[in-house]
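Engineer: would you be able to build a 3D model of this:
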Amino acid sequence: MERTLLVILAHPDDESFGLGGTLARYASEGVNVHLICATRGESGKITDPEIDPDTPKGPLREAELKASCEALGIHPPILLDYHDSGRLERSQDNNPQALMNADDLEVEKILLEHIADIRPDALITFDPHGIYGHIDHIKIQRASEAAFWSAGSVMQPAPKRLFYAVMGSKQMQMLKEARDTSTLSELDAGIYGVSDDSFACVMDVSAFADQKEASVRSHRSQVGPNSPLASFSKDNDMWQAMFSHEYLSLGGLRGSFPGMPVDDIFAGLD
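Structural biologist: Modelled structure (predicted):
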């Protein structure tokens, strides 16, 4: 039976870091893998000094996202046209087009239209903390979870499973200790990470490490020499944490689920 997977995220590169291996795996198995990206990441920093800092970021990051999807073998991205809300000094509080200022029910309605068109068997989005608390991650997570539950009223069959892309507490703590100036450095790994017994799926993605790396490197503006990832290499623990396994927790079900953890998001699905 042909399967369809829909991933709903916030920014270009979100699909690479936590899910790139999983998406490449399912694409290689013939699953229809679709990605909805809420913004074009306009507020991201350009970390490659060879890129003109005055380059319009929206078109640049959209092109990078399309290259990433091609590297993973998934369908071209669907963009929702909200603006990146940024964070810290780049926060777009006063931008009415920023995702942070969008009406929650409006976002849910837009997602429902795409879900009804794509008809996925399973959805993946962020966990309720948005991995590291980014407002756009939290905003699209809430809308995605709401759309999963309301989908049953607007389409049948509705998606059977909702998953959260998560980072384990141990993994997050290791990454914090490896780089004390990263996005994770000020976070409590016991809150923002999840315990091992919360994993519904543990995905060994080591066979897809090259594709995942190609996806990550597609986001040249974000992984340049001035980015935290510049020091990544295949012989360090940070690399192993990022490119060997990916983790999903359950966010919702229609029907049953095998004993956790499994290594296939479609395991036991009729």
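Engineer: tell me which stretches of the stretch 101-250 of the chain form helices.
Structural biologist: Per DSSP state H, counting those that start in this stretch, the stretch 101-250 of the chain carries helices over the ranges 104-118, 130-133, 135-154, 169-178, 189-192, 209-218, 237-243.
Engineer: mind putting the ones you listed into CSV with mean pLDDT?
Structural biologist: Below are these laid out as CSV (pLDDT from 0 to 100):
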stretch, mean pLDDT
helix 104-118, 98
helix 130-133, 91
helix 135-154, 97
helix 169-178, 81
helix 189-192, 89
helix 209-218, 95
helix 237-243, 77
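Engineer: which residues does Leu65 contact?
Structural biologist: Pro12, Asp13, Glu15, Cys37, Arg40, Gly41, Pro77, Ser218, His219 (C-beta atoms under 8 Å, 6 or more residues apart in numbering). In short, each C-beta sits where N, CA and C put it, glycine included.
Engineer: and the furthest pair within the residues you listed?
Structural biologist: The distance between the two most remote of these (C-beta to C-beta) is 14.4 Å, for Arg40 and Ser218.
Engineer: and Gln141, how far from Met167?
Structural biologist: 14 Å (C-beta to C-beta, to the nearest Å).
Engineer: for burial, what's the neighbour tally of Arg90?
Structural biologist: 12 (other C-beta atoms under 10 Å).
Engineer: whoops, Leu187 was the one
Structural biologist: Leu187, neighbours per other C-beta under 10 Å, totals 18.
Engineer: can you give me phi and psi for it?
Structural biologist: phi -90, psi 150 (degrees, to the nearest 10).
Engineer: what does Ile36 give?
Structural biologist: Dihedral angles for Ile36 - degrees, to the nearest 10 - are phi -110, psi 130.
Engineer: check what pLDDT it gets.
Structural biologist: In this model, Ile36 is scored at 98, pLDDT.
Engineer: next one: His245
Structural biologist: Reported pLDDT for His245: 94.
Engineer: so it makes contact with Met203?
Structural biologist: Yes. Checked against C-beta atoms under 8 Å, the pair His245 and Met203 is within contact range at 6.3 Å.
Engineer: chain center to stretch 252-260, what's the gap?
Structural biologist: 21 Å (C-alpha atoms, centre = their mean, to the nearest Å).
Engineer: do stretch 220-227 as well
Structural biologist: 19 Å.
Engineer: can you tell me the distance between the two ends of it?
Structural biologist: End-to-end distance for stretch 220-227: 10 Å, by C-alpha to C-alpha, to the nearest Å.
Engineer: buried residues, that stretch. List them.
Structural biologist: Arg220, Ser221, Gln222, Val223, Gly224, Ser227 (16 or more other C-beta atoms under 10 Å).
Engineer: re earlier: more crowded one of His245 and Met203?
Structural biologist: Met203 (22 against 17).
Engineer: pLDDT value on the more buried one, please?
Structural biologist: For Met203, the predicted pLDDT is 97.
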